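Trainee: Quick one: sequence plus predicted model below, questions after.
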Amino acid sequence: MKRKWLQILLSLVVVAGGLYLALRDMNFERVLAAFRQAHWLWMGPAALLVWVSLLLRAQRWRILLDYAVSLPEAFGLMNIGYLVSNILPLRLGDPAKAVAASLRGPISPLAALSTVVIERVLDMLTIMLLLLGTLPFIVAGDLGDYLLAGLASGGLALTLLAAAVLVARYPKKMEEFAGRLLTAGRFPTPERWLEVLHQLLAGLAPLRSPRQGAQLVFWSLVHWGTVVIYFQLALRAFVRTPPLLGGAVATWAAALGMILPAPGGIGAYHTAVQRSLALAFGLPAETTLAYAFAVHAVSYLSGALWGAGALLIWGVSFKELITRAQEV
């Protein structure tokens, strides 16, 4: 119980800190004016692209799951994860999605969880490429901190992906090596830990196939390309002539903001998007803040509503799902 309250307290601190950074020194009358003057018709097709991007992401996850679930099931399971992450701290949506996947297909929660980790790694690699591709064309502002964060995250992601591919290609050797370590360290019940490792390695099986690897790269690029278009269309609602790279900058800024363990990225997401657009293109701070809240609300509500619908349709208990996710 004490640990749970510490997790909640940490999340609240992150949310409060992010919102403080986003809202400080703001003229709230100008923020409200930016909302009133927005061309909201642009948000219609932008919101549709959020749905399309979720479908594309679900298709990529199906490949990692080795097609153990259908596309509608992958879509619903993924949004269940978003629903949980939007409400609860410390990215609990990831193990919750893995547990939900085990209820819908012949896959263990740990195997599904390993696919979720690979998803995150692919995302960070794509975001790093997007960041490195756009920064050379941005002349306004100092975005060195974003570059450092992107390079660090991307470097870590590349290392993890290389390690995952290597482990996936030689699962038996990895299990034998782990067995020797457990025996040498005199761990109690080593067979239990080896079973856990076996299930985790099972989730990495698609990485052994070059064909499936190419598919993962393709769907990652298509998914994030759709997200960039979403951010660009939404920016058109707030800026009459949006910068050409505005959507791309908002995409990688939002992704970096979501790294912090706040429910739904609240606070850090808004700060990252607002600051990056203001620094990169000299856009008014109040306008970029209004935009950050708008694009976050659309994606936040989309995941939450689709996730809640999936729970209701499948009759899954939210409380039981969270309990099992915490165990995982």
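Mentor: Received it, and whenever you're ready, just let me know what you need. Numbers count the residues shown, from 1 in each chain.

Trainee: And the pLDDT for the closest residue in space to Asn86 that isn't next to it in sequence?
Mentor: Sequence neighbours aside, Gly264 is the residue nearest to Asn86 in space, at 3.9 Å (criterion: Cβ to Cβ, 6 or more residues apart in numbering). Heads up, the C-betas are built off the backbone N, CA and C, glycines and all. As predicted, Gly264 sits at a pLDDT of 80.

Trainee: Please apply the same query to the one 5 residues further on.
Mentor: Note on Tyr269: pLDDT of 90.

Trainee: Same question for Ala101.
Mentor: 88.

Trainee: ok, it to Val316 distance?
Mentor: 11 Å (Cβ to Cβ, to the nearest Å).

Trainee: So those two - more neighbours on which side?
Mentor: Using other Cβ atoms under 10 Å, the more surrounded residue of Ala101 and Val316 is Ala101, with 28 against 17.

Trainee: That one: what's it in contact with?
Mentor: Leu65, Ala68, Val69, Leu77, Ile107, Pro109, Ala112 (Cβ atoms under 8 Å, 6 or more residues apart in numbering).

Trainee: let's see 7 Å
Mentor: Leu65, Val69, Leu77, Ile107, Ala112 (Cβ atoms under 7 Å, 6 or more residues apart in numbering).

Trainee: Return the member of the residues you listed nearest to Ala268.
Mentor: Checking these against Ala268 by Cβ to Cβ gives Leu77 as the nearest, at 25.4 Å.

Trainee: neighbours around the closest one, how many?
Mentor: Neighbours of Leu77 using other Cβ under 10 Å come to 28.

Trainee: what comes up buried for the helix or strand harbouring it?
Mentor: Element membership for Leu77, per DSSP states H and E: helix 71-87. Using 16 or more other Cβ atoms under 10 Å as the test for burial, helix 71-87 gives 73-86.

Trainee: Pull out the buried residues from the helix or strand following it.
Mentor: Note on helix 71-87: by DSSP H and E, the next helix or strand toward the C-terminus is helix 93-104. By 16+ other Cβ under 10 Å, the buried positions in helix 93-104 come out as Gly93, Asp94, Pro95, Ala96, Lys97, Ala98, Val99, Ala100, Ala101, Ser102, Leu103, Arg104.

Trainee: mind checking pLDDT for Lys4?
Mentor: At Lys4, pLDDT is 65.

Trainee: Kindly report the same for the one 5 residues further on.
Mentor: Model confidence at Leu9, given as pLDDT, is 72.

Trainee: element containing it, please.
Mentor: For Leu9, the host element (DSSP H and E) is helix 2-23.

Trainee: Hmm, Arg324 is touching Val99, no?
Mentor: Yes: judged on Cβ atoms under 7 Å, Arg324 makes contact with Val99 at a distance of 4.6 Å.

Trainee: quick one: low-confidence parts of the stretch 1-150 of the chain?
Mentor: Applying pLDDT under 70 to the stretch 1-150 of the chain flags the ranges 1-8, 10-12, 14-15, 18, 20, 90, 139-147, 149-150.

Trainee: Give the buried residues for whichever strand or helix holds Arg36.
Mentor: Secondary structure from DSSP H and E places Arg36 in helix 28-37. By 16+ other Cβ under 10 Å, the buried positions in helix 28-37 come out as Val31, Ala34, Phe35.

Trainee: What is that helix packed up against?
Mentor: Other elements packing on helix 28-37 under the criterion 3 or more Cβ pairs under 7 Å, 6 or more residues apart in numbering; DSSP states H and E are helix 285-314.

Trainee: Next, the angle from the helix it packs on to helix 71-87.
Mentor: What separates the directions of helix 285-314 and helix 71-87 is an angle of 130 degrees, with axes from the mean of the first three to the mean of the last three Cα atoms, to 10 degrees.

Trainee: With that, I have no additional questions.
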